[in-house]
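S.K.: Pasting the sequence and the predicted coordinates here, then a few questions.
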Amino acid sequence: MNEPLLVLPLIPLLPFLGFLVNGLLGSRLPKAVVTFIGLAAPLGSFAIVAHAAYLVWSGALALPWIEPGAPAWISAGPLHVDFGSVLDPLSLVMLLVVTGVGFIIHVYSVGYMHGDKGYWRFFAYLNLFLFFMTVLVQAGNVLLMFVGWEGVGLASYLLIGFWYQKTSAADAGKKAFIVNRIGDFGFLIGIFLLLGNFGTLTFHEISAKLAANPAWQGGVLTAIAICLLIGATGKSAQLPLYVWLPDAMEGPTPVSALIHAATMVTAGVYMIARTHFLFDRSPLAMLIVAIVGAATALFAATIGLVQNDIKRVLAYSTISQLGYMFLACGVAAYSAGIFHLMTHAFFKALLFLSAGSVIHGLGGEQDMRRMGGLRTRMPITFWTMTIAVLAIAGVFPFAGFFSKDAILMVAFMQGPNGKIFWAVGLFTALLTSFYMFRLWYLTFLGKPRSPELHAHESPWSMLGPLVILALLSLGGGWVGAGRFGEFLAPALGNGTAEAGHGTLEWILIGAALAAAFFGWLIAHLLYHENRGEEPLAAIPGAYPVLVNKYWVDELYGAVIVKPLLAVSRFVLEWIVEFAILGGIAWLLGGIVNFGGAILQRWQSGNLRSYAAWLAAGAAVVLLFAMVSWPAVLAHFGIHFNMAGR
Amino acid sequence: MIPTSWYLLLSAALFSLGVIGFLIKRNLITVFMSIELMLNGVNLSFVTFAHQWHLVKGQIFVFFVMVVAAAEAAVGLAIIIAIFRARATLAVDRIDLMKL
């Protein structure tokens, strides 16, 4: 028996150690040491994950591998929750993405943040994020997953508000945290429902209980699934809780790449895939997941069409792509969803890091209207961005093509609803292609619109990660949805329909490619001259709606935030401050005043009145003694003869 | 032989006279004398019981009380003189402040 050596707890613990050292001592350590610790921790985690992947690949390790002898966390009556980790194909893929892309982005940050005075703080937070994210991914039960879930929310808050001197950044951090709280509330209710109905929170036990009751459908399972979905819409920025993600772009660009594109926001998709056995039993919840996904994909893509801030375009495209993943989960194509999650992590991280390189080169400029003509100034960034744009647009043979095609195909196979989802997805693909090429044209082609900015290429610590991610975006798709699905099948079941090879498949691929091509064509016609004005502004009616993002922020502000603030203010000022705190203060003051008014008469300073009180007191004590002492002493067996001798 | 209770009655009477004098007299010297009267009333009952139980402890207590009373008289009279010098009065009711 040669059990392979696998220390799963070390994967989160290494970044946590990095966080502790950098977070506590970072301000006093030399910069080189901070860099070393900040990079060594994620590299170590990645090495462990890669080693595990190698063991699986060579057949030395059978999945799923549930960590034996995990320390108990909560043991109360029938409830038992431990710190156990679980390694199955799903968590392995996710861990590879999180630690791998995470490490690359850490390296990039060394270059991007080199001049920032919060350098050590940045690495401490990034490591903290990796700690919680890996906890989330490898958790063996829902509660531990929730710990990671909340933790990444905290790290996200800290990093969005990293430049806390800026009011907009601090506000964006708060917004992200509060909106996520709504989703987390749903998640928490879902956990309670799970506990109430299954008596356990461990994934494989819940799955086993469900497998033992094949007839159990809908009902409370739908309720649980919808609660979990609410949690997922918060974390993964889906309708109606997507509003925090565009604002989250206030954070440093590596943060946008790591947390708000590649890893944290995909946690919702991961959670749905992880609990797919619940969703499988509830067709209604599945339908809602698919509708939310498709609606978000289309909705965010339309807003992305007209944004001028380079990072906001990418933010809306992230929301849109996450919608794709939800759509995939909603049609039970979990492996296609996770496949898209992986390729999206590559090309979206690349997009953000390339955008970061552009912003860095332009000294902080984010407005695409002031860019243009950067192709010759930043050749390497230009080429990596080109690859990323082709990948997200879904052009063969880049990574996005394979995963997006897989999702669309499975959606198409799912009956009449599926056709609608497919059509929405296809149209969204066209929009995606259009706005990504718009970004590409506006940023890199044409003549420089702001020559005074003196664009320069970024250092190699930033370009290196770009090249690696470009290679992954180029080749990541060749794994193939089919092979990927087979690998994930033990964890996700065989829900993915792999049928439909043949003519239909070629037609669907042709349609997807045509959508990408038309998107590019429209962008080319409108923007290749790159005059700097907005051709879409000529569209009456639609343009103002899109530029104002459908007024969703304003709507939420008027319908939810304002009344809530008014109620909170009223409760705070009148009930808490005035009635409760004020009341207590008045009451205490009144008692003291009243008591003082009476007792002060005692302290007259008159010697004879003191003497009178003294004598009266002595008399009372004496009287009491005469009445009670004989009885008390008699109790102890001492008798007095009061009559004298 | 005179019964014990007579001595005790005399002691109680002396003590009560002391208390009454202490409470109603306005002159500080008289108040002071009333305190001496109460102490001696108590001394009398000490001696009475010492005699009745044939124990010497009670008489030793009396000597202690006398010594303390003498010391107290010395300190008390000094204070009274100081007060009189400062206030030019010995009326208890008009001495109602801690400071001179």
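M.R.: Alright, I've got the coordinates.

S.K.: Isn't B:Tyr7 up against B:Leu44?
M.R.: Yes - counting by C-beta atoms under 8 Å, B:Leu44 is a contact partner of B:Tyr7 at 6.5 Å. In this view, the C-beta of every residue, glycine as well, is placed from N, C-alpha and C.

S.K.: show me what contacts the residue minimising distance to the centre of chain B?
M.R.: Centroid-nearest residue in chain B: B:Glu36, 2.2 Å away (criterion: C-alpha atoms, centre = their mean). Going by C-beta atoms under 8 Å, 6 or more residues apart in numbering or on different chains, B:Glu36 touches B:18, B:69, B:73.

S.K.: for A:His454, same thing?
M.R.: For A:His454, the contacting residues are A:Gly363, by C-beta under 8 Å, 6+ apart.

S.K.: hang on, the earlier thing: could you tell me whether the residue nearest to the centre of chain B really is in a helix?
M.R.: Yes - the assignment for B:Glu36 (DSSP: H, G, I helix; E, B strand; the rest coil) places it in a helix.

S.K.: List the buried residues in the helix ranked longest in chain B.
M.R.: Longest helix of chain B, by residue count under DSSP state H: helix B:57-87. Across helix B:57-87, burial judged by 16 or more other C-beta atoms under 10 Å in any protein chain shown covers B:58, B:61-62, B:65, B:69, B:76, B:80.

S.K.: Remind me which helix or strand A:His80 belongs to.
M.R.: Under the criterion of DSSP states H and E, A:His80 resides in strand A:79-82.

S.K.: Residues contacting that strand from elsewhere in the structure, which ones?
M.R.: So strand A:79-82 is contacted by A:70-75, A:140-141, A:143-144, A:195, A:199-202 (C-beta under 8 Å, 6+ apart).

S.K.: Give me every residue in chain B lying close to chain A.
M.R.: B:4-5, B:19, B:22-24, B:31, B:92-93, B:95-98 (C-beta under 8 Å from any C-beta of the partner chain).

S.K.: run the last query once more with 6 Å
M.R.: With C-beta under 6 Å from any C-beta of the partner chain as the criterion, chain B comes near chain A at residues B:19, B:22-23, B:92, B:96.

S.K.: what separates the residue in the stretch 51-200 of chain A that chain B sits nearest to from A:Ala172, distance-wise?
M.R.: At 58.5 Å from chain B, A:Tyr164 is the closest residue in the stretch 51-200 of chain A, using C-beta to the nearest C-beta. In this view, A:Tyr164 and A:Ala172 are 11 Å apart by C-beta to C-beta, to the nearest Å.

S.K.: picking up where we left off before, pull the distance from the strand holding A:His80 to the chain's centre.
M.R.: With C-alpha atoms, centre = their mean, to the nearest Å as the basis, strand A:79-82 stands 25 Å off its chain's centre.

S.K.: likewise stretch A:306-317?
M.R.: Per C-alpha atoms, centre = their mean, the centroid offset for stretch A:306-317 relative to its chain is 19 Å.

S.K.: how about it: buried residues?
M.R.: A:306-307, A:310-317.

S.K.: a markdown table for those, including pLDDT, secondary structure and distance to A:Phe624?
M.R.: Formatted as a markdown table, the buried residues of stretch A:306-317 follow (pLDDT from 0 to 100; DSSP: H, G, I helix; E, B strand; the rest coil; distance: C-beta to C-beta, whole Å):
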| residue | pLDDT | secondary structure | distance to A:Phe624 |
| --- | --- | --- | --- |
| A:Val306 | 88 | coil | 93 |
| A:Gln307 | 88 | coil | 89 |
| A:Ile310 | 91 | helix | 91 |
| A:Lys311 | 92 | helix | 85 |
| A:Arg312 | 92 | helix | 86 |
| A:Val313 | 92 | helix | 90 |
| A:Leu314 | 93 | helix | 88 |
| A:Ala315 | 93 | helix | 83 |
| A:Tyr316 | 94 | helix | 87 |
| A:Ser317 | 93 | helix | 89 |
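
S.K.: from these, which single one is nearest A:Ala542?
M.R.: A:Val306 (9.0 Å; C-beta to C-beta).

S.K.: got the contact list for that closest one?
M.R.: Contact partners of A:Val306, counting by C-beta atoms under 6 Å, 6 or more residues apart in numbering or on different chains, are A:536, A:546-547.

S.K.: So which of those residues belong to helices?
M.R.: Reading helices off the contacts of A:Val306 with DSSP H, I get A:546-547.

S.K.: Now chain A against chain B: closest residue?
M.R.: A:Gly605 (3.6 Å).

S.K.: Surely that residue is in a strand?
M.R.: No - counting by three-state DSSP, A:Gly605 is not found in a strand; it is coil.

S.K.: quick one, longest helix in chain A?
M.R.: helix A:167-198.

S.K.: Tell me the gap between it and the middle of its chain.
M.R.: 10 Å.

S.K.: Help me confirm that the residue of the stretch 51-200 of chain A closest to chain B is found in a helix?
M.R.: No - applying three-state DSSP, one finds A:Tyr164 to be coil, outside a helix.

S.K.: what's around it, how many residues?
M.R.: A:Tyr164: 12 surrounding residues under other C-beta atoms under 10 Å in any protein chain shown.
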